[in-house]
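In: Take this sequence and fold it.
(4 chains)
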There are 2 protein chains.
Amino acid sequence: MTITMITNMATKSIHDEAASMLRQHEHRYTPGRQRLVDVMDSAHRPLTLPQILESDSELTQSSAYRNLDVLEQSGVIRRINATADHAAFELAEPLLGHHHHLICVDCGAIEDIHIGEPTERAIDAALGAAAKGLGFKPLHHSLDLHGQCANCQ
Amino acid sequence: MTITMITNMATKSIHDEAASMLRQHEHRYTPGRQRLVDVMDSAHRPLTLPQILESDSELTQSSAYRNLDVLEQSGVIRRINATADHAAFELAEPLLGHHHHLICVDCGAIEDIHIGEPTERAIDAALGAAAKGLGFKPLHHSLDLHGQCANCQ
DNA sequence: CTCAGTGCAAAGGATTTGCATGCCG
DNA sequence: CGGCATGCAAATCCTTTGCACTGAG
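Out: Reported below is the predicted structural model:
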């Protein structure tokens, strides 16, 4: 019950949040951009451009690429370079929450996963210590598990 | 003196190891491939193809790409998709050891880092647990810290 | 002699850009 | 109205491939 309410609120506020973030960067929240956010919000995993276009036939390739750029620059989505051929896109952490990926080395499929908070803190502490010595300013970490998905074994 | 000896020995065995791995895959350890291994062994960070070509003017683009493929398939090197434009290459874990990366979001520079063994074990345990429930067979994890390098701040 | 490896140039494929048009503010 | 946004097609850029040649076994 509580979870359902939160989910609904979150879905609604994703568009509000996206619109607000775009506005701050002096961009409009056009229908094409809303559709992109819808597609990425519906999928519970990062999507490649072909997957995005398949999910909504109203989207065109070049505008999708352009709008993904705008959304990325505005902090609404994140681009991840999981595979060699296609980039993949997912909602940014403020909208989707912190998580990690299982990446199939054979078919390239990606699955979202979560790990415990204590482990997250241990990771950030360890990375932060290493970064400090090199004058590197941490923004966020990415942790992926590469292996074979159930289908490819 | 001692360090020099160790370095020489290590460098030597990297070539031996690489030659052995290639032989197992029925490939030759040609001069061009040795040069690639030398370049990657000298750099203490992953290199993109342009960086590799700059490091050794004897290397040509297409042969470098082809040989990097052969070396990757033989397990000598690893391809990482850290940035959107260029793939990067580094010696594989059996030759270089397990480590992680600092990736500058502005200039794309990559730096190798190490974190403590207990944290590594915690990561593998957490990822393994998540993978198990989905029938995903773990091979290896990748952990990167994205942020700004000292030059780009 | 044979066949993997090489180098050049051309092809391939994902992503970006030019340009004319549409549409919101 | 003015300028961002869109869609098509052409261009770009990284990477791969075709082909003829070289050299090791």
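
In: The residue nearest the centre of chain A and B:H27: what is the separation?
Out: Nearest to the mean C-alpha position of chain A, counting by C-alpha atoms, centre = their mean, stands A:E90 at 2.3 Å. In this view, A:E90 and B:H27 are 38 Å apart by C-beta to C-beta, to the nearest Å. All C-beta atoms are positioned from the backbone trio N, CA, C, and that covers glycine.

In: same question, A:P31
Out: Here the criterion is C-beta to C-beta. By it, A:P31 lies 53 Å from B:H27.

In: Of those two, which one has the most company?
Out: When neighbours are counted by other C-beta atoms under 10 Å in any protein chain shown, A:P31 and B:H27 differ, and B:H27 comes out ahead with 17 against 9.

In: I'd say that one and B:S74 touch.
Out: Yes. Between B:H27 and B:S74 a contact is recorded at 6.2 Å, counting by C-beta atoms under 8 Å.

In: Close to DNA strand D: what parts of chain A are there?
Out: Chain A comes close to DNA strand D at residues A:27-28, A:30-33, A:58-63, A:66-67, A:70, A:84, as judged by C-beta under 7 Å from any atom of the strand.

In: Counting neighbours, which of the residues you listed comes out on top?
Out: Of all the residues of chain A next to DNA strand D, the highest neighbour tally under other C-beta under 10 Å goes to A:R33, namely 24 neighbours.

In: give me the element it is part of.
Out: Following DSSP states H and E, one finds A:R33 within helix A:31-42.

In: what does that helix rub up against?
Out: Around helix A:31-42, the neighbours that count as contacts under C-beta atoms under 8 Å, 6 or more residues apart in numbering or on different chains are A:11, A:14-15, A:18, A:22, A:27, A:47, A:52, A:55-56, A:58-59, A:63-64, A:67-68, A:70-71, A:76-77, A:89-91, A:95.

In: Repeat the analysis, applying 10 Å as the threshold.
Out: Taking C-beta atoms under 10 Å, 6 or more residues apart in numbering or on different chains as the criterion, the residues outside helix A:31-42 that touch it are A:10-11, A:14-15, A:17-19, A:22, A:27, A:29-30, A:46-47, A:51-56, A:58-60, A:63-64, A:66-68, A:70-71, A:74, A:76-78, A:89-92, A:95-96.

In: just how off-centre is that helix within its chain?
Out: In terms of C-alpha atoms, centre = their mean, to the nearest Å, the gap separating the centre of helix A:31-42 from the centre of its chain is 12 Å.

In: Next SSE downstream of that helix?
Out: In the C-terminal direction from helix A:31-42 (assignment by DSSP H and E), the next one is strand A:47-48.

In: quick one, what contacts A:E26?
Out: For A:E26, the set of contacting residues under the criterion of C-beta under 10 Å, 6+ apart consists of A:S74.

In: hmm, back to that, would you mind naming the helix or strand containing the residue nearest to the centre of chain A?
Out: Under the assignment here (DSSP H and E), A:E90 is part of strand A:88-91.

In: Pairing partners for that strand, with directions?
Out: Each strand that strand A:88-91 pairs with, and the sense of that pairing, follows from DSSP bridges: strand A:47-48 (antiparallel), strand A:77-80 (antiparallel).

In: Looking at these, which is nearest to B:G128?
Out: For B:G128, the closest of these is strand A:77-80, at 21.6 Å, according to C-beta to C-beta.

In: Of all residues in chain A, which one is closest to DNA strand C?
Out: Residue nearest to DNA strand C within chain A (C-beta to the nearest atom of the strand): A:S62, separated by 3.2 Å.

In: Not counting the helix or strand harbouring that residue itself, show me its contacts.
Out: Secondary structure assigned from DSSP H and E places A:S62 in helix A:61-73. For helix A:61-73, the surrounding residues in contact (C-beta under 10 Å, 6+ apart) are A:18, A:21-22, A:25, A:27-30, A:32-37, A:39-40, A:49-50, A:52-53, A:56, A:59-60, A:76-79, A:87, A:89, A:91-92.

In: Alright, I will stop here.
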